[in-house]
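Asker: The following block contains a protein sequence and its predicted model.
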Amino acid sequence: MFERRIAVIGAGYVGLTTAACLASLGHRVTCADIDRGKVQRLQDGEVDIVEPDLPALVAEGLAAGRLSFVASATAALAGPGGGAEVVFLCLPTPMGVGGLADLGAVEAVAEEIAADLKAGCIVVDKSTVPVGTAARTRVLLGRDDVSVVSNPEFLREGTAVQDFLHPDRIVVGSDSQDAAERVAALYSRLGAPTVLTDPASAELVKYAANCFLAMKLSYVNSLAELCERLNADIGAVTAGIGYDRRVGHSFLSPGPGWGGSCLPKDTRAMLQIADSTDFEFRLLRAAIETNDRQRQRMVDKIRIAVTGSRAGSLSRTRLGLLGLTFKAGTDDTRDSPSLAIAALLRQAGAVLIAYDPAVAADPVRPELADIMIVDEPYLAAKDVDALVILTEWPDFRVLDWARMAKLVRRPVVVDTRNLLDPDVLSRAGWAWYGIGHRK
Ligand code: UGA
């Protein structure tokens, strides 16, 4: 395998994982971020996001001299050993006006680096960007001697390193066959199937994948609701359809709704992309609406569990929430269904006490302002009228539920992830309310 000199611009989830993993594959990587404090910490081997295996990989890259961190994009291009041959743009593309991705950061960096790019090098868009961004990047760079490639990333928070090093596929899109093949070759050691295509198709793959996953989850959450009405069991239904290899078992767990920094943003961006071509993407719109409704549905479930009626009042009810992150294995609370549900519960007048192994009380975070955050799960159970499982942290399964039962006012638990074992809970004296189960 050829060792390439690579610059990675942006040291967020995607950028840092890309940089550390490419270094571990034997390339020489310089990673830039505008946050000087973060760069300093990374130079010292400190990784400030919760991501398994990433700190070890960063330390390994630093020690081997294959990975370094700098505070400017142009410094990353210069890198040790000469000019970068491949430049990855791993920049934030937050939701902009109307739901379309905001490309401000990508455009600013493209303009900043244009003059300093080495002749013959390749600029790779790895951020999730609207269709047409590779073409736009080419215009912004204004360099005929530089190729632009779209190479979307499919990593999940919490398993980012594993996903990068064991990908289901590599997707590379470019108008230049040679540039596409050179980018694909960076990953050759991974032995993954590779889709070489045009830039627009590669850009669309990323949205198409995330939107498909979102639709799959909204479908499962709808099935769970139907199960409740029909006295059927969602676990049996998803097992039954999951064995069909065309459906598969993964991404079939019902929950409080899908969240995080990607699925909500990308589904809305895809709607905008469709709208811009006058295509009404009804299926996707319905998946988003189903997801918005799911949060209210969880609140109704809590209301029924606590008051016995859909019209009952939650005013001054004390609720213990277990889990605030958008899923287990991460400290990320961006667009977390847990926080959306917490906000609805607060609006209904409930008093909230919460525990999450990855979230500490923080007075400067407005989204946590009305929640009393405690640092152990038993404190979240103290004198509450019900407990609500919102994130599927495995630790919650093995709590001492008999001890928890003695702490609460009433042993009622609403399990929006179907995480707990109902038999264990029942033996410990709890009334357990899952989702998609017989009454
Ligand atoms: C998602 C995609 O899974 C990645 O492939 C993609 O690369 C990434 O977005 C991205 O665009 O960067 P991520 O946001 O880390 O990854 O989270 P997921 O693991 O996909 O979970 C999304 C949401 O679905 C979470 O709220 C999770 O709790 C929920 N979920 C997931 C369920 O409710 N049930 C399931 O069975 C699976």
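Answerer: The structure has been received and is ready for your questions. Numbering: from 1, shown residues only.
Asker: can we go C-alpha only for contacts and neighbour counts from here?
Answerer: OK.
Asker: after the helix or strand containing A105, next one along is what?
Answerer: Element membership of A105 [criterion: DSSP states H and E] is helix 104-113. Sequence order places strand 122-125 as the next helix or strand after helix 104-113, per DSSP H and E.
Asker: chain center to the very next helix or strand once past that following strand: distance?
Answerer: Once strand 122-125 ends, the next helix or strand along the chain (criterion: DSSP H and E) is helix 133-141. Put simply, helix 133-141 sits 27 Å off its chain's centre (Cα atoms, centre = their mean, to the nearest Å).
Asker: Measure how helix 133-141 sits relative to helix 104-113, angle-wise.
Answerer: 40 degrees (axes from the mean of the first three to the mean of the last three Cα atoms, to 10 degrees).
Asker: what packs against helix 133-141?
Answerer: helix 104-113, strand 147-150, helix 199-230 (3 or more Cα pairs under 8 Å, 6 or more residues apart in numbering; DSSP states H and E).
Asker: Could you check the angle it makes with helix 199-230?
Answerer: Using the same axes, to 10 degrees: helix 133-141 against helix 199-230 is 140 degrees.
Asker: Just the residues contacting helix 133-141, thanks.
Answerer: 107, 110-111, 113-115, 125, 147-150, 199-200 (Cα atoms under 8 Å, 6 or more residues apart in numbering).
Asker: In CSV, could you pull the C-alpha coordinates for the helix holding A105?
Answerer: Output of helix 104-113 as CSV, limited to C-alpha atoms (Å, rounded to 0.1, in the frame of the first residue of the first chain):
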residue,chain,number,x,y,z
GLY,A,104,-20.7,28.1,5.3
ALA,A,105,-17.8,26.2,6.9
VAL,A,106,-17.1,24.1,3.8
GLU,A,107,-17.2,27.2,1.5
ALA,A,108,-15.0,29.3,3.8
VAL,A,109,-12.3,26.5,4.0
ALA,A,110,-12.4,25.9,0.3
GLU,A,111,-11.7,29.5,-0.4
GLU,A,112,-9.0,29.6,2.4
ILE,A,113,-7.0,26.7,1.0
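Asker: May I see the buried residues of it?
Answerer: V106, E107, V109, A110, E112, I113 (16 or more other Cα atoms under 10 Å).
Asker: what number of residues lie near D383?
Answerer: 15 (other Cα atoms under 10 Å).
Asker: ok, now P193?
Answerer: Neighbour number of P193 under other Cα under 10 Å is 12.
Asker: Leaving out the residues flanking it, which one is nearest to it?
Answerer: R169 (4.9 Å; Cα to Cα, 6 or more residues apart in numbering).
Asker: returning to what we had before: how about the buried residues of helix 104-113 in a markdown table, adding pLDDT and distance to A32?
Answerer: Shown next, in a markdown table, are these (pLDDT from 0 to 100; distance: Cα to Cα, whole Å):
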| residue | pLDDT | distance to A32 |
| --- | --- | --- |
| V106 | 93 | 14 |
| E107 | 93 | 16 |
| V109 | 95 | 11 |
| A110 | 95 | 14 |
| E112 | 95 | 13 |
| I113 | 95 | 12 |
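Asker: Now do the contacts for whatever residue of the stretch 1-150 of the chain ends up closest to the ligand.
Answerer: Of all residues in the stretch 1-150 of the chain, T128 sits closest to the ligand, at 7.0 Å by Cα to the nearest ligand atom. Going by Cα under 8 Å, 6+ apart, T128 touches T93, P152, E153, E203, K206, Y207.
Asker: ok, now with 10 Å
Answerer: 90-94, 101, 103, 150-154, 203-207, 262, 265-266 (Cα atoms under 10 Å, 6 or more residues apart in numbering).
Asker: repeat for V359
Answerer: G323, L324, T325, T330, D331, D332, T333, L368, I373, V374, D375.
Asker: Pull out the buried residues from the contacts of T128.
Answerer: 90-94, 101, 103, 150-154, 203-207, 262, 265-266.
Asker: farthest pair in the contacts of helix 133-141?
Answerer: A115 and A200 (25.3 Å; Cα to Cα).
Asker: for this protein, which spans come out with low pLDDT?
Answerer: 1, 80-82, 439 (pLDDT under 70).
Asker: in stretch 329-345, what's buried?
Answerer: 329-333, 335-343, 345.
Asker: Tell me which of those fall in helices.
Answerer: P337, S338, L339, A340, I341, A342, A343, L345 (DSSP state H).
Asker: buried sites along stretch 303-318?
Answerer: R303, I304, A305, V306, S313, L314, T317, R318.
Asker: What lies in contact with stretch 44-58?
Answerer: 12-13, 16-17, 19-21, 23-24, 38-43, 59-64, 66-69, 156-162, 329-332, 358.
Asker: which of these are buried?
Answerer: By 16+ other Cα under 10 Å, the contacts of stretch 44-58 give 12-13, 16-17, 19-21, 23-24, 38-39, 42-43, 59-62, 66-69, 156-158, 160-162, 329-332, 358 as buried.
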